[in-house]
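> got a predicted structure here, sequence first:
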Number of protein chains: 2
Amino acid sequence: MPTRLSNYFLRTLREDPADAEVVSHKLLVRAGYIRRTAAGVFSWLPLGLRVKAKIEQIIREEMAAAGAHEVHFPALVPREPYEATNRWTEYGDLIFRLKDRKGADYLLAPTHEEMFTLLVKDLYSSYKDLPLTIFQIQDKYRDEARPRAGLLRGREFTMKDAYSFDYTDAGLDASYLAQRDAYERIFQRLGLSYVIVQADAGAMGGSRSEEFLHPTPVGEDTFVQSAGGYAANVEAFTTTAPPARGYEKLTPQEVVDTPNTPTIESLVAIANANHPRPDGRAWTAADTLKNVVLALTHLDGTRELVVVGIPGDRELDIKRAEVAFQPAEVEPATEADFAKNPGLVKGYIGPWSPDGAVLGEESRTGIRYLVDPRVADGSGWVTGANVEGKHVLGLVAGRDFTADGVVEAAAVLPGDEAPDGSGPVTIERGMEIGHVFQLGRKYAEVLGLKVLDENGKLVTVTMGSYGIGVTRILAIIAEENNDEKGLIWPASVAPFDVHVVATGKDDAVYGIAEDVIAQLEAAGLDVLYDDRPKVSPGVKFGDAELIGVPRVLVVGRGAADGQVELWNRATGERETVAIADAVAQLTA
Amino acid sequence: MPTRLSNYFLRTLREDPADAEVVSHKLLVRAGYIRRTAAGVFSWLPLGLRVKAKIEQIIREEMAAAGAHEVHFPALVPREPYEATNRWTEYGDLIFRLKDRKGADYLLAPTHEEMFTLLVKDLYSSYKDLPLTIFQIQDKYRDEARPRAGLLRGREFTMKDAYSFDYTDAGLDASYLAQRDAYERIFQRLGLSYVIVQADAGAMGGSRSEEFLHPTPVGEDTFVQSAGGYAANVEAFTTTAPPARGYEKLTPQEVVDTPNTPTIESLVAIANANHPRPDGRAWTAADTLKNVVLALTHLDGTRELVVVGIPGDRELDIKRAEVAFQPAEVEPATEADFAKNPGLVKGYIGPWSPDGAVLGEESRTGIRYLVDPRVADGSGWVTGANVEGKHVLGLVAGRDFTADGVVEAAAVLPGDEAPDGSGPVTIERGMEIGHVFQLGRKYAEVLGLKVLDENGKLVTVTMGSYGIGVTRILAIIAEENNDEKGLIWPASVAPFDVHVVATGKDDAVYGIAEDVIAQLEAAGLDVLYDDRPKVSPGVKFGDAELIGVPRVLVVGRGAADGQVELWNRATGERETVAIADAVAQLTA
């Protein structure tokens, strides 16, 4: 039986919802797929549920093909396992916490590493039980500070998360690749383009980590790519440090007056005007060393100031700094921080001062000084002299100052060299649609997941973690597949295979439509049938275009003469064909 | 491809889990279907998920056949709609509450009436859109005081809940019957016996209300049945009051000394010994009027004492009292209550005292006095005289005292007359597996769900609510279908159609098993294949019996000669048959 619009639970809207920022959110609401219940929390209408179920089915099939077994964990989980791994604390405001009537702490799980680990520990004890990969498709919760963009970043959202369990590193590699391959097949079947980029393992810990990013200018993630095949999330990009050089032949540093140089540009200009470089080349922003003061908040709540020295031709990238300093939180130092530390002379901070080093753990400020990898031994810089109105020229790393460490916090720029030598990179934007990574033994160690190996020795299990955002993927597909008239679903996830529109008031037309539908259904197609008797053809056509089933069959006035119209929603093509030909085309 | 036990995520246990009270919980854990995560919160292993999915599929099919459309609401819902209907307060400790990072209140929905009502209000506005029935299969949350019995009463559990929307009472009746019929088909397909009983509408409000109870001695619900077809939850049973009688000819009441009569039996004995009835018949417990003091806690927090008079041959049924007094909470009066009310002479409470009425709103205690329907005008009683050591004989309702009202709080006893005149009732126990009821206009009124009718007039929508506990049903099926060796699933919900066990170390046997499986799968059967090479036949047989797939095919030593063994798990029958015959039987 077809789904009949005359009694389907659907109401299409002519206007965009007021709170929708992105096109997928607007169209999914207007076309009757979802409704907003609260910020970042949505209700699913019948059309939306159908598309979601199709995506889930593709994921289930590819998980089965990869040998993964489906399980299902509760959303409501006790605090203790998350306490053991410290994530109860690390997640901060990002998790929803609650107490039961006895006062016991629970959370709505944002991710289930702990639960998977404990379940396997509960059931398995021997290397013979491994390898094992298990997955679930489940609703997760994150109390995002700014839930936005409809389903792209929700507070309640559906994910497929899989975990692999091995007792050797080689086993983990194999399990990892099986999931990685499955992800490629899933995205191909969904018709979603993707780039696999190296990623930072983030708060999860672990080693090998790759993200599947869907390239899109509205993406929240920035990634780099080289023509030679390198691809990485910008947070995971590593800077190639220049080789250390000797500095025996370099001129000594020189403190110079640089009044009114609030910017790198004004500093470079005054240096070129008053203090030409010994080698005759002009000073550029890349010769300056900009020192940025950051405040770190550590897990134990302590606040630490650090100074980060980066070449003056690039900005500090706060997201890269967050990765570099995790799990601490990072923010720019405040006016209060400067007031408490008079040694930090705003606008003139440097690693060196006329009366000796002022930064570094061994110095009198006690503030750590960390530098970009480009600040290699033997590199010379124009930088602050820690005195109002003065800078120092020709300050040489390794000779005149020593940093407390190296940090990847400078922005990556187009043309930067890929770390694998595959050439300069471009910078792109993308949206994360999948993440595969090797957790290693972190969770197994903390939670005590060990098995007996071939020699009867207890060994700690090594794990992989593999996630796909189901509801996010649905939104991205909608985001990528639409036109000014509405949605255009790829056939693999369309809510129906064919949308049959019968028009007019002639009962015979509706009878013919039912006949055609019976033939389509006999061939196994899912049919949405617009049988509404009192709705005008224009409204029916508009709804068909908005709903976005890829093939539309219009049974109208010509039907009595055996003619129907076949629309291809994607190409916009419309052709009048004989009924038998239409059926043949649709069921081919 | 069959599911192979050699790499399935399964571990069967020989011992019952320590915390399991009921057989379904024990067997579902031992056979590897579920694991406990927290009190009343479970994780689902692959076998369990398969059974759950089969139950859900049956429900989906019958919902579709009844014309209901599937939707899906979030579990995390905002407080406001539940505040509007007062359920945020009424649910008390039974709901999980939480706050987001901005301090806004949310709950984990125990039921979604409000959300369904608001969604329909959001989308629909005309009688032409109705009737509408929509449903979801979704995880719900209740913070039960005593989560127990495994899946039978969980704190996170899966339900199918459906709601119907009509604008006429006749429409609601039709929608109600469509769901009620669908429920009958669902339980028949699940092989679950059921009795449809009249129920109290409870905290949901509304009018017609029926429960589907599965009769079982371990059920939490008590219901009554008459041979003439009456069936009701004991909370919904209504007592047939005797006709009022004149009392002109009755003898006056008489206060008598009744020292040391702490029980109804001792009171009856002393009455018969010292004060024979004027008509010569012996006094019985049914002639006495027992007055029970209850403390009601109203929604606004106020505490009220009431006295309930019931015939002395029955106990007060606190569950019936709770229904009678809802939404107030009911408990027996405490010693402190008696201490504050010296007019209530414990053991000698009555509606009358030698110095005038002491109970009733008009009396000097101000305590309401409510009576069982059997305390009809003209009925005479032996009851307390409100004086220590004294009772009154021949106290006649309507002549000597007037109650403030009638209340259904006395226990129902076997042999009580069904209210519809269909004869005496028996008392049975059952477990609720479904509930259908007419909410009427309560939610629509509070939340403003109105549509325009044929005359362009705004009318309030009338609703029905229909629930089935999916995870509870799974547990009940397990509870009913097992033996000392393990589970025995009905074919309609079994995790697999056939469990093939290959035994021994001969590769040829496993080759034959694979052949047979290929034939079974070609016929569309789901096969679980025990291909574990190093596991003994005894362990394999034990697992097969524990897991409970209804048909087991053993491919062993006889396979080389074309013989296999076919087990029927339900009947215990085992027969040796030719391979072709076994395949023919299984695929018949």
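Now that the structure is in, tell me what you want to look at.

> A:Pro212: what secondary structure?
Actually, residue A:212 is Phe rather than Pro. Secondary structure, DSSP: H, G, I helix; E, B strand; the rest coil: A:Phe212 is strand.

> quick check: the residue of the stretch 101-250 of chain A nearest chain B.
Nearest residue of the stretch 101-250 of chain A to chain B: A:Leu123, at 4.1 Å (Cβ to the nearest Cβ). No exception for glycine: its C-beta is placed from N, CA and C like everyone else's.

> so that residue touches B:Arg11, yeah?
Yes: using Cβ atoms under 8 Å, A:Leu123 is in contact with B:Arg11, at 4.1 Å.

> overlap in contacts of those two?
Common contacts of A:Leu123 and B:Arg11, defined by Cβ atoms under 8 Å, 6 or more residues apart in numbering or on different chains, comprise A:Asp129, B:Gly32.

> can you get me the start-to-end distance on stretch A:524-532?
24 Å (Cα to Cα, to the nearest Å).

> for it, buried residues please.
Neighbour counts over stretch A:524-532 (16 or more other Cβ atoms under 10 Å in any protein chain shown) mark A:Leu525, A:Asp526, A:Val527, A:Leu528, A:Tyr529, A:Asp530, A:Asp531, A:Arg532 as buried.

> closest to A:Glu62 among these?
A:Asp526 (21.1 Å; Cβ to Cβ).

> so what pLDDT did A:Arg441 get?
Note on A:Arg441: pLDDT of 93.

> can you pull the contacts of it?
Taking Cβ under 8 Å, 6+ apart as the test, what A:Arg441 contacts is A:Thr460, A:Val461, A:Thr462, A:Met463.

> quick one: mean pLDDT over stretch A:566-578.
Mean per-residue pLDDT for stretch A:566-578: 95.

> span of it from start to end?
Counting by Cα to Cα, you get 10 Å between the two ends of stretch A:566-578.

> swap in stretch A:383-403?
First-to-last residue span, stretch A:383-403, Cα to Cα: 14 Å.

> quick check: mean pLDDT across that stretch?
87.

> what's the pLDDT at the nearest residue to A:Leu192 once chain neighbours are set aside?
In this structure, A:Leu192 finds its nearest non-sequential neighbour in A:His214, 5.7 Å apart by Cβ to Cβ, 6 or more residues apart in numbering or on different chains. Listed pLDDT for A:His214 reads 95.

> now stretch A:378-398: buried residues?
Buried residues in stretch A:378-398 (16+ other Cβ under 10 Å): A:378-387, A:390-398.

> next: stretch A:548-557.
By 16+ other Cβ under 10 Å, the buried positions in stretch A:548-557 come out as A:Gly548, A:Val549, A:Pro550, A:Arg551, A:Val552, A:Leu553, A:Val554, A:Val555, A:Gly556.

> ends of it, how far apart?
Stretch A:548-557 has its terminal residues 23 Å apart, counting by Cα to Cα.

> do stretch A:288-305 as well
Note: stretch A:288-305 ends 22 Å apart using Cα to Cα.

> cool, and stretch A:318-334?
Stretch A:318-334: ends 15 Å apart by Cα to Cα.

> that stretch close to chain B?
No: Stretch A:318-334 is not in contact with chain B by Cβ under 8 Å from any Cβ of the partner chain; minimum separation 14.8 Å.

> ditto for stretch A:539-558
No: judged by Cβ under 8 Å from any Cβ, stretch A:539-558 and chain B are separated, with a smallest distance of 14.0 Å.

> can you give me the helices in chain A?
A:23-30, A:46-65, A:79-84, A:87-90, A:113-123, A:169-189, A:264-274, A:318-325, A:335-340, A:442-447, A:470-480, A:507-522, A:537-547, A:579-587 (DSSP state H).

> any chance of the ones you listed in a markdown table, with distance to B:Asn272 and mean neighbour count too?
Below are these laid out as a markdown table (distance: least, Cβ to Cβ, whole Å; neighbours: other Cβ atoms under 10 Å in any protein chain shown):
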| stretch | distance to B:Asn272 | mean neighbour count |
| --- | --- | --- |
| helix A:23-30 | 78 | 23 |
| helix A:46-65 | 71 | 19 |
| helix A:79-84 | 64 | 17 |
| helix A:87-90 | 70 | 16 |
| helix A:113-123 | 65 | 21 |
| helix A:169-189 | 84 | 19 |
| helix A:264-274 | 110 | 16 |
| helix A:318-325 | 88 | 20 |
| helix A:335-340 | 91 | 12 |
| helix A:442-447 | 72 | 20 |
| helix A:470-480 | 76 | 24 |
| helix A:507-522 | 80 | 16 |
| helix A:537-547 | 82 | 18 |
| helix A:579-587 | 89 | 17 |
